[in-house]
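Q: I need the structure of the sequence given here:
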Amino acid sequence: MRQNRVLWLLDRLEREPRADAVIDTLRKGVRALPLGRGRDLLHGRWLGHPVHPLLVQVPIGSWLSAAVLDLRPGRSRESRLLVGVGLGAAAPAAAAGWVDWAELHHRQQRVGLVHALSNTAAVGLYAASLVCRVKGREAAGRAYGFLGLTAVGLGGMLGGHLAYRQASGANHAEEVPNVVSEGWHRIGTVGEFPAGEPVRRSVDDVPVLVVRETGGAIHALAERCSHLAGPLSEGTVADGCVRCPWHGSVFRLSDGWNVRGPATAPQPSFETRIIDGHVEVRLRHQDGDEHFGNGREMAAQGTGTRSGAAHGHGDSD
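A: Numbering: from 1, shown residues only. Alright, predicted model coming up:
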């Protein structure tokens, strides 16, 4: 069976490298903007997921409503107002989109660039539409509006491909609570975890980041970054946090909280304990057994004590 033509074109766009030089320049420019805390605000870290899809509802809804009114006589004033509202709302939506785009993989950025160009064309067409409407050229204003809505539709299709086919805004650690089995999992001896160094282990085929602090506390998080699955075990550890080596998201080791974006979702975290010199981990928020925190408490009781909890055995990689 032949591949769907639209999917073929989208797959080809993902692999097309000719715009990569432009993409690199734009990415550096967006990253260099002095946004401060506003960058995380635009990423949507405060919301728990990207804010761009929420913001685009206003311009899309306004312009679609204007198109419906353009099909009815005597509604030119209302249509003009809606076109203006859409143009005003397009700016923050675009800002959030560009900030997210700058932290994607190249294949995603190729699609995202065309998505942005389509939306920019839509803004230009709707700006022309508004000018025509203000000058009383209603027929031309409606024509520009329908062309703008077509560009919005193309941009929306590409945005859907980015979000759902390429998972650009998804939580890439979401499956961890559904994959890791309940109970405690042995991941190695205490000596296998040098103080202050990130170490990768595996539990039920799920990569786990393990960090032992100088004071003895042991922390464990899902190892694949929730932003785009970057390897946190290759990141840097400082001030009780780990920084992703790919896009710079920062997570608190004690509980996985994302203290800095672009990641909008926290990392799944594990409770830890030490039994007979072995480190064991259990996914947090599981009911049933006593919670032992970060491993230091159990170690203080002596390594000869063993808990009655069920034990699974993870890989040592």
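Q: Quick one: the helices in the stretch 101-250 of the chain, in order.
A: Using DSSP state H, counting those that start in this stretch, the helices of the stretch 101-250 of the chain run over 106-134, 138-160, 176-179.
Q: For this protein, which segments are assigned as strands?
A: Taking DSSP state E to define them, one finds strands in the chain at 184-189, 199-203, 206-212, 218-222, 236-238, 241-243, 250-252, 258-260, 269-275, 278-283, 311-313.
Q: that older thread, can you redo the helices of the stretch 101-250 of the chain as CSV with mean pLDDT?
A: Formatted as CSV, those follow (pLDDT from 0 to 100):
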stretch, mean pLDDT
helix 106-134, 98
helix 138-160, 97
helix 176-179, 95
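Q: Can you add mean neighbour count and distance to residue 229 and give those back as JSON lines?
A: For glycine as for every other residue, the C-beta is placed from the backbone atoms N, C-alpha and C. Listed next are these as JSON lines, based on neighbours: other CB atoms under 10 Å; distance: least, CB to CB, whole Å:
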{"stretch": "helix 106-134", "mean neighbour count": "20", "distance to residue 229": "12"}
{"stretch": "helix 138-160", "mean neighbour count": "18", "distance to residue 229": "21"}
{"stretch": "helix 176-179", "mean neighbour count": "14", "distance to residue 229": "11"}
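Q: any idea how this protein splits into domains?
A: For the chain, automatic domain parsing gives the domain ranges 5-165, 176-313.
Q: ok, back up a step: right, and the strands of the chain - which one's nearest residue 161?
A: strand 258-260 (25.6 Å; CB to CB).
Q: quick one on the thing from earlier: can you flag the weakest of the domains of the chain by average pLDDT?
A: For the domains of the chain, the stretch scoring lowest in mean pLDDT is domain 176-313; its value is a mean of 85.
Q: residues touching residue 75, list them.
A: Residue 75 is in contact with residue 69, counting by CB atoms under 8 Å, 6 or more residues apart in numbering.
Q: sorry, back to before: give me whichever of the strands of the chain is most buried.
A: Of all these, strand 218-222 has the most neighbours on average by mean count of other CB atoms under 10 Å, namely a mean of 29.
Q: Would you tell me which of the helices of the stretch 101-250 of the chain gets closest to residue 170?
A: Residue 170 sits nearest to helix 106-134 of all the helices of the stretch 101-250 of the chain, at 11.3 Å, using CB to CB.
Q: Show me what that closest one is packed against.
A: When contacts are defined as 3 or more CB pairs under 8 Å, 6 or more residues apart in numbering; DSSP states H and E, helix 106-134 packs onto helix 5-15, helix 20-32, helix 76-101, helix 138-160.
Q: Kindly reformat the strands of the chain as CSV containing distance to residue 36.
A: Formatted as CSV, the strands of the chain follow (distance: least, CB to CB, whole Å):
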stretch, distance to residue 36
strand 184-189, 39
strand 199-203, 33
strand 206-212, 28
strand 218-222, 27
strand 236-238, 20
strand 241-243, 18
strand 250-252, 15
strand 258-260, 12
strand 269-275, 28
strand 278-283, 35
strand 311-313, 44
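Q: nearest to residue 78, of those strands?
A: strand 258-260 (42.5 Å).
Q: what residues does that closest one touch?
A: Applying CB under 8 Å, 6+ apart, the contact partners of strand 258-260 are 40, 45, 226, 241, 248-252, 264-267.
Q: what lines up beside it in the sheet?
A: When sheet partners are counted by DSSP bridges, strand 258-260 sits next to strand 250-252 (antiparallel).
Q: chain center to the strand it pairs with, what's the gap?
A: With CA atoms, centre = their mean, to the nearest Å as the basis, strand 250-252 stands 14 Å off its chain's centre.
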